[in-house]
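Visitor: With the input below, show me the fold.
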Amino acid sequence: MKHIAIAGNIGSGKTTLTALLAKSFKWEPHYEDADNNPYLNDFYDDMQRWSFNLQIHFLNGRFQDVLKIRKGTKSVIQDRTIYEDAYIFAPNLHSMGLMSTRDYENYLSLFEMMKDFITPPDLIIYLRGSVPALVKQIQKRGREYENAIRLDYLNRLNERYEAWAEDYTLGKILMIDIDEINFEDNPEDLGEIITKINGELYGLF
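Guide: So this is what the prediction gives:
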């Protein structure tokens, strides 16, 4: 049983790649259910008011997902990780003044307790991309609540993603540049990713 997770900023293509790899490897996909999130619309309208509620909702959901994945017997590919919430999104909101120090410290204490009960993925696939590439994808999928996403918000997240990926030591991480590769429309690009994943997981080239 393998646990693979896809990490990346908003609009990087995590859900699309999750579906493609689930089909190719016969893995069970676990998607981030953004459309049914009760806080997202409110958050993008008023980030300061709803940031803590949103992050707690994500933290709770992903913690439960990881526990279910590790108790299962099937290989799973997961759309976004619990670590991104704790090391990228929550501290970014705090640094931008959109989450109070009191709420941020409360959030971190919950995460520190939870992480002792979870095991990191066998492989993280990090989709890195420039802000223009992310914006193009966000506009393409046309989610109404994402129209209010600020460019400085995406840029700050990108900076934190890069720092987190460079320092990640909990397991294997494979970096894919979405500015240079089009796995959605080009089968050769997808095949290149599959070859790299086989190399990381099974030593096959």
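Visitor: Name the surrounding residues that touch the lowest-mean-pLDDT helix or strand in the chain.
Guide: With mean pLDDT, DSSP states H and E as the measure, the helix or strand of the chain carrying the lowest mean pLDDT is helix 40-45 (a mean of 87). Here helix 40-45 makes contact (C-beta atoms under 8 Å, 6 or more residues apart in numbering) with 34, 49-51, 53-54, 145-146, 148-149. C-betas here are computed from N, CA, C, even on glycine.
Visitor: which residues are contacting the following helix or strand past that helix?
Guide: Per DSSP states H and E, the first helix or strand lying C-terminal to helix 40-45 is helix 47-71. With contact meaning C-beta under 8 Å, 6+ apart, helix 47-71 is reached by 3, 30, 33, 37-40, 42-43, 76, 78, 80-82, 85-86, 89-90, 93, 97-100, 103, 106-107, 110-111, 114, 117-119.
Visitor: give me every residue that touches the residue nearest to the spatial centre of the chain.
Guide: Central residue of the chain (C-alpha atoms, centre = their mean): R80, 2.8 Å from the mean position. R80 is in contact with 5-8, 14, 32, 62, counting by C-beta under 8 Å, 6+ apart.
Visitor: switch the cut-off to 7 Å
Guide: Neighbour list for R80: 6-7, 14, 32 [criterion: C-beta atoms under 7 Å, 6 or more residues apart in numbering].
Visitor: Against P121, how distant is it?
Guide: 11 Å (C-beta to C-beta, to the nearest Å).
Visitor: likewise A22?
Guide: Counting by C-beta to C-beta, the separation of A22 from P121 is 15 Å.
Visitor: who's more crowded, those two?
Guide: P121 (25 against 19; other C-beta atoms under 10 Å).
Visitor: I'd assumed G171 was in contact with that one.
Guide: Yes. P121 is in contact with G171 according to C-beta atoms under 7 Å; the separation is 6.2 Å.
Visitor: what about the protein, any weak spots by pLDDT?
Guide: Along the chain, the parts satisfying pLDDT under 70 run over 34-35, 148, 204-205.
Visitor: That concludes my questions; thank you for your assistance.
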